[in-house]
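In: okay, predicted coordinates and the sequence, questions at the end:
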Amino acid sequence: MKNIIQYNFFILLATMLAACNSFLEEKVVSGVSYDFFETKTGIETAVNAAYTTMRWYVGGERYYCLTEYGVDYVWEGADGGQKDAFNKYSVQMNSDAGLLYDFWENNYKGINRINTALMYLPKVMDMTEADKTLREGELRFMRAYFYFDLVQHFGPIPLITDGNVTEIITDFHRAPVAEVYEAIIADLNIAYNALPDATRQTQRGRATKWAAAHLLAKVYLTKGSAVKDQRGQQASDMDNALAYAKAVIESGKFALESDYATTFDQHLQKTSSETIFSIEFTTDVQFNGDGNKMHLYWVPTYENLAGLQRDVQQGRAWKRVRPTPYFQTQLFDHLSDARFYKMFKWVYWANKESSIPVWQAQYFYVDEDGRTTDDLLYEPPAELVGKPKFGIGDTAAYFIPKFYGAKDHTNKVLDADKNRQLQLDVAKSPYTLIPVDNNTNHFFPGLLKWLDPERPDMNYEQGSRNFTRMRLAETYLIAAEAAGRKGDLEAAAGYINAVRRRAAYRENEVKPKEWTTVDEGDPSRLTASTEQDMLITSQDLASDLIGFILDERCREMFGEMNRWEDLVRTETLYERVKKFNPDAAANIKEYHKLRPIPQRHIDRLAPQPPLNEAQNEGYY
């Protein structure tokens with residue numbers, strides 16, 4: 001830890017961030033000392049440097065591994081070095097896991113920068129008191145943000161709130177979880193009163209009063225959700241969670257986008273009425289750092305299919321994570337809920353003429369072992385034989401959200417007749433047809449939420465899409481859960497309905513073709529609103545409030561890097577992973593609700609504490 005602290009300060013002294021389109025644009029300042037922080041420029045540098053630390057989460061194979069692996073409705077893809085530890089909970093989930101240390105180091109780096117700035121802020125003479133108050137609010141918001149993420153994953157952690165540029169400290173004790181939450185709430189209360197009452201600050205990406213309120217609501221909800229765990233929960237936690245969520249909702253500063261697809265439209269993301277707080281990225285390579293690389297991880301290996309090769313619009317396929325069959329077939333009301341079809345890319349367009357297939361004269365049944373049999377499935381019309389199935393720009397691959405019940409996720413045939421029908425439909429299709437039964441860790445519908453078509457070329461990794469960390473739909477769901485936990489199921493249903501009303505098909509909105517071809521919707525209602533079908537009542541929540549909330553959060557925020565934390569918060573991680581994630585079911589233990597403390601941190605402690613004090617249960 002002492003090396004981290006010293007290193008952090010040298011970095012801080014060498015880095016300045018200047019305002020342009022976004023304030024996260026960086027230039028180097030040399031020849032400075034700690035006196036630099038007694039100036040307005042020094043404080044602005046420190047504040048901006050802390051903001052840049054938030055970019056780490058999406059700058060590589062990082063936070064999605066911590067939040068989307070090892071959960072219920074996401075399965076692992078074909079590639080990636082983190083999936084054994086974080087999805088399967090294998091023996092690689094241990095204190096030597098490099099990703100955990102990187103997460104730990106990044107967040108404490110941000111905290112150290114913040115503590116330094118707060119220490120020097122009172123000494124600054126060339127800032128107005130109003131400017132000092134504003135920057136203190138931002139610093140405290142960020143410190144709470146970093147500690148909240150750390151405490152959710154590691155439990156008891158070192159709680160450092162004082163700046164230090166002279167003393168080498170090696171005896172960091174882990175504060176109880178309840179004490180960490182007290183510090184988080186104290187910081188956020190100051191931030192809430194100090195930050196501007198605005199939708200966004202003039203410089204995009206800075207925190208506002210309402211970002212602090214949203215985070216306070218989520219912190220109180222998390223703290224108060226505990227039943228078995230000890231987070232310092234109090235009877236007033238749900239009152240506070242609901243009050244701060246309502247404050248955001250009723251502020252008049254935000255509104256749900258009218259169309260769910262707009263919430264992840266890259267062209268609109270910087271000005272969305274729904275965004276409460278996001279981390280800024282830019283197309284300017286000089287100021288984008290590692291960039292946002294999340295566009296890589298939810299894309300199937302479409303370039304291995306006939307008529308296709310990688311392109312910028314359809315994404316670069318690193319196939320790390322994918323939606324489960326249950327998510328695709330059972331979690332949504334496909335006839336009423338537009339979110340399901342809007343969040344995925346179902347069709348891939350032909351862009352490689354040399355691999356476009358031609359119609360064969362005959363198509364035969366392929367058995368469970370992959371052998372072609374003499375069982376004839378289909379003979380196309382003679383005039384088609386030998387001709388291309390499609391042309392450039394046509395549909396080359398279609399992931400159809402239909403489950404035949406033919407095969408399970410291991411490719412084991414469950415029903416021979418259904419498997420034959422599946423193969424017949426595939427043979428007749430003028431493109432590569434991939435139903436849910438044929439999903440694999442290479443082939444699955446790609447998530448649109450992170451795609452970045454604004455990259456300059458196909459192989460470019462440093463994306464410019466913003467990382468939206470807080471949006472109003474989640475605020476409504478926080479309010480719903482808090483109200484429900486207080487026993488007011490009618491109010492809870494009302495907040496959920498605000499989200500579900502937007503999720504419905506609007507009047508005169510044309511539904512996707514699957515609405516009739518797969519889901520057997522009534523053609524006479526093809527342009528009818530489904531709002532009334534989406535609305536729930538208190539009775540829908542009466543039997544399993546938390547189960548409904550968890551499913552609704554997944555329907556609304558799938559892939560937005562909340563899931564593991566949601567399951568831990570509600571104390572349902574173990575049971576839901578056992579039920580829905582076959583890769584993890586054999587290995588997950590109750591203690592996996594916390595991550596191991598990084599060994600590199602423990603090794604630097606002096607004097608060395610007993611291991612049962614330094615490390616979480618199950619990892620020593």
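Out: Received, thanks. Residues are numbered from 1 along each chain as shown.
In: now do Arg553 against Arg339, distance only.
Out: Here the criterion is C-beta to C-beta, to the nearest Å. By it, Arg553 lies 12 Å from Arg339. The way it works is simple: take the backbone N, C-alpha and C, and place the C-beta from them, glycine included.
In: now swap in Ile185 and tell me
Out: Distance, Ile185 to Arg339, using C-beta to C-beta: 33 Å.
In: ok, Glu520 next?
Out: 19 Å.
In: and the two? Which one has more around it.
Out: Set Glu520 next to Arg339 and count neighbours by other C-beta atoms under 10 Å: Arg339 wins out with 21 against 10.
In: where does the protein dip in pLDDT?
Out: Counting by pLDDT under 70, the ranges of the chain that qualify are 1-32.
In: please repeat the previous calculation with a cut-off of 80.
Out: For the chain, residues meeting the criterion pLDDT under 80 lie at 1-33.
In: hey, which helix is longest across it?
Out: Residue-count comparison of every helix in the chain, with assignments taken from DSSP state H, identifies helix 129-154 as the longest.
In: could you pull out the buried residues of it?
Out: Burial within helix 129-154, assessed by neighbour count using 16 or more other C-beta atoms under 10 Å, is assigned to 132, 134-154.
In: next: stretch 101-110.
Out: With burial defined by 16+ other C-beta under 10 Å, the residues of stretch 101-110 counted as buried are 101, 103-110.
In: how about those in TSV, adding distance to Thr271 and secondary structure?
Out: As requested, those are arranged in TSV below (distance: C-beta to C-beta, whole Å; DSSP: H, G, I helix; E, B strand; the rest coil):
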residue	distance to Thr271	secondary structure
Tyr101	37	helix
Phe103	31	helix
Trp104	35	helix
Glu105	34	helix
Asn106	28	helix
Asn107	29	helix
Tyr108	33	helix
Lys109	30	helix
Gly110	27	helix
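In: list the contacts for Phe148?
Out: With contacts defined as C-beta atoms under 8 Å, 6 or more residues apart in numbering, the neighbours of Phe148 are 184, 215, 218-219, 222.
In: from Ile114, how far off is it?
Out: Going from Phe148 to Ile114 by C-beta to C-beta gives 13 Å.
In: what touches both of the two?
Out: In contact with both Phe148 and Ile114: no residue, using C-beta under 8 Å, 6+ apart.
In: Lys83 and Arg320 touch, don't they?
Out: Yes - in this structure, Lys83 is within contact of Arg320 by C-beta atoms under 8 Å, at 7.4 Å.
In: residues shared between the contacts of the two?
Out: Both Lys83 and Arg320 are contacted by 76-77, under the criterion C-beta under 8 Å, 6+ apart.
In: burial check on Thr283, number of neighbours?
Out: Neighbourhood size, Thr283 [other C-beta under 10 Å]: 15.
In: which residue comes closest to it once chain neighbours are left out?
Out: In space, Thr283 comes closest to Ser464 once its chain neighbours are excluded; the distance is 4.5 Å by C-beta to C-beta, 6 or more residues apart in numbering.
In: isn't the one you found right up against Asn288?
Out: Yes - counting by C-beta under 8 Å, a contact exists between Ser464 and Asn288, whose distance comes to 6.4 Å.
In: what touches both of these two?
Out: Common neighbours of Ser464 and Asn288 (criterion: C-beta under 8 Å, 6+ apart): 281-282.
In: list of residues touching stretch 483-497?
Out: For stretch 483-497, contacts defined as C-beta under 8 Å, 6+ apart pick out 224-225, 238-239, 242, 476-477, 479-481, 534-538, 540-542, 545, 548-549, 552.
In: about what we covered before: what's the burial count for the residue nearest to Thr283?
Out: Ser464 sits with 20 neighbouring residues when counted by other C-beta under 10 Å.
In: cool, Arg525 as well?
Out: By other C-beta under 10 Å, the residues close to Arg525 number 15.
In: what distance do you get for the residue located most distally from the centre of the chain to Ala361?
Out: Most distant residue from the mean C-alpha position of the chain: Ala382, 49.8 Å away (C-alpha atoms, centre = their mean). Between Ala382 and Ala361 the distance, using C-beta to C-beta, works out to 8 Å.
In: what's the answer for Pro456, then?
Out: From Pro456 across to Ala361, the span is 45 Å (C-beta to C-beta).
In: wait, doesn't Leu188 sit right on Ala211?
Out: No - using C-beta under 8 Å, Leu188 is not in contact with Ala211, being 9.6 Å away.
In: got the domain ranges for this protein?
Out: Taking automatic domain parsing as the reference, the chain has its domains at 1-175+584-620, 294-450.
In: turn these into CSV, including distance to Val248.
Out: Converted to CSV, the domains of the chain look like this (distance: least, C-beta to C-beta, whole Å):
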stretch, distance to Val248
domain 1-175+584-620, 14
domain 294-450, 22
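In: which one of those domains lies closest to Pro512?
Out: Evaluated with C-beta to C-beta, these place domain 294-450 nearest to Pro512, the distance being 4.7 Å.
In: endpoints of the closest one, how far apart?
Out: 6 Å (C-alpha to C-alpha, to the nearest Å).
In: distance between that domain and the chain's centre?
Out: Taking C-alpha atoms, centre = their mean, to the nearest Å, the mean C-alpha location of domain 294-450 is offset from the chain mean by 26 Å.
In: ditto for stretch 508-521
Out: Its chain's average C-alpha position is 28 Å from that of stretch 508-521, according to C-alpha atoms, centre = their mean.
In: with just CA atoms, put it into CSV.
Out: Extracted in CSV, the C-alpha atoms of stretch 508-521 (Å, rounded to 0.1, in the frame of the first residue of the first chain):
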residue,chain,number,x,y,z
ASN,A,508,-48.6,3.0,-34.0
GLU,A,509,-45.2,1.7,-33.2
VAL,A,510,-44.5,-1.2,-35.6
LYS,A,511,-43.5,-4.3,-33.8
PRO,A,512,-40.6,-6.6,-35.0
LYS,A,513,-41.5,-9.4,-37.3
GLU,A,514,-40.9,-11.9,-34.5
TRP,A,515,-43.9,-10.6,-32.7
THR,A,516,-46.1,-12.6,-35.2
THR,A,517,-43.6,-15.2,-36.6
VAL,A,518,-42.2,-16.4,-33.2
ASP,A,519,-44.5,-15.1,-30.5
GLU,A,520,-47.7,-15.6,-32.4
GLY,A,521,-49.1,-12.1,-31.8
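In: now do the buried residues in it.
Out: Across stretch 508-521, burial judged by 16+ other C-beta under 10 Å covers 511-512, 514-515, 518-519, 521.
In: one more: stretch 481-489?
Out: Buried residues in stretch 481-489, defined by neighbour count with 16+ other C-beta under 10 Å: 481-486, 488-489.
In: where helices are concerned, which of those residues count?
Out: Among the buried residues of stretch 481-489, the ones falling in helices (DSSP H) are 481-485, 489.
In: now the two most distant members of the residues you listed.
Out: Longest distance between any two of those is 12.0 Å, between Ala482 and Leu489; criterion C-beta to C-beta.
In: residues contacting Asp375?
Out: Contacts for Asp375 (C-beta under 8 Å, 6+ apart) come out as 364-365, 420.
In: name the nearest of the ones in helices among the buried residues of stretch 481-489 relative to Val91.
Out: The shortest approach to Val91 among those belongs to Glu481, at 35.0 Å (C-beta to C-beta).
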